[in-house]
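Asker: got a sequence here, can you build the structure:
(chains A and B)
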There are 2 protein chains.
Amino acid sequence: MQAISLTPIGHVRSALVNRQDAPKQGFEGSPLATIHILPIYRKAIEDVRAGDHLIVLTWLDRADRSVLSVHPRDDPKNPITGVFSTRSPDRPNPIGLHRVKVVSLRDSLILEVADLEALDFTPVLDLKPALTGVFDA
Amino acid sequence: MQAISLTPIGHVRSALVNRQDAPKQGFEGSPLATIHILPIYRKAIEDVRAGDHLIVLTWLDRADRSVLSVHPRDDPKNPITGVFSTRSPDRPNPIGLHRVKVVSLRDSLILEVADLEALDFTPVLDLKPALTGVFDA
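Answerer: Here you go, the predicted model:
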């Protein structure tokens, strides 16, 4: 099939610099992170407010795209599993899916968010409102 | 920022052929759809089972990527809103986010799923297990 070309809408700034620093599961206690949106997307972000819950889609640029099965959570005690049944960053199209809460929007372009587990300078692809209830993705 | 290149892992087959046919909100009563995974990704999908809840990421290939604000749900009565505060398919990187339930896996490559609102031949980018609880993305 044909290749698809994406251009990031911005990037993450975070205290997490290496994959080894990232918690293997859960991200309570993650420090605040910021999402820096490119100025050309100012109109797209202008209705985001402090307190909103967003789904952030990122491009996990340090992932290994050749990986098809893994030991979940990098723990060799977990049986090897097809990546589409895991949340491993290593997968053919390493798109990260994060649910975050907006703490503030600075200068109409910088989102300060809680609960974002993403490495520093991770490209951001999209932001969507998180829905509530059973249809929440 | 640098462009990112993705290759679909498969595509959707669905009775929804036109955007006009798609329900504006909710997708109860959507007919069953199938996701056809490319054979090279057989190992990645082999642990998916009937009954699993998955997040399906799609490429909304008929979206308008130049759109930054919309009337939500295409209803002119809704005030114009920045797309990052909406689930509009029209957005800079039109990645669709769908939560589905697996009904069956045929020939180790064809997933029959419930509740997938996606147009026929929509490219599929990734599958992830849906999580439960407050951290579900």
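Asker: the strands in chain A, which residues?
Answerer: For chain A, strands defined by DSSP state E occupy the ranges A:4-6, A:10-13, A:33-37, A:53-59, A:69-70, A:81-82, A:95-106, A:110-114, A:123-129.
Asker: what's the fifth one packed up against?
Answerer: This points to strand A:69-70. strand A:81-82 (3 or more Cβ pairs under 8 Å, 6 or more residues apart in numbering or on different chains; DSSP states H and E). All C-beta spots, glycine's among them, are computed from the backbone N, C-alpha and C.
Asker: the strand it packs on: partners in the sheet, and parallel or antiparallel?
Answerer: Using DSSP bridges, strand A:81-82 pairs in its sheet with strand A:69-70 (antiparallel).
Asker: and A:A114, how far is that from chain B?
Answerer: A:A114 sits 12 Å away from chain B, going by Cβ to the nearest Cβ, to the nearest Å.
Asker: count of residues packed around that residue?
Answerer: Neighbours of A:A114 under the rule other Cβ atoms under 10 Å in any protein chain shown: 14.
Asker: tell me who's in contact with the residue nearest to it when sequence neighbours are not counted.
Answerer: The shortest distance from A:A114 to any residue other than its chain neighbours is 4.8 Å, reached at A:K101 (Cβ to Cβ, 6 or more residues apart in numbering or on different chains). Counting by Cβ atoms under 8 Å, 6 or more residues apart in numbering or on different chains, A:K101 touches A:51-54, A:113-115.
Asker: would CSV of those with pLDDT and distance to B:N18 be doable?
Answerer: Rendered in CSV, the data for these read as follows (pLDDT from 0 to 100; distance: Cβ to Cβ, whole Å):
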residue, pLDDT, distance to B:N18
A:G51, 95, 37
A:D52, 96, 32
A:H53, 95, 32
A:L54, 96, 29
A:V113, 97, 36
A:A114, 93, 40
A:D115, 87, 38
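Asker: for A:K101, name its beta-bridge partners.
Answerer: A:H53, A:A114.
Asker: quick revisit: so which of the strands of chain A is nearest B:L6?
Answerer: strand A:4-6 (4.5 Å; Cβ to Cβ).
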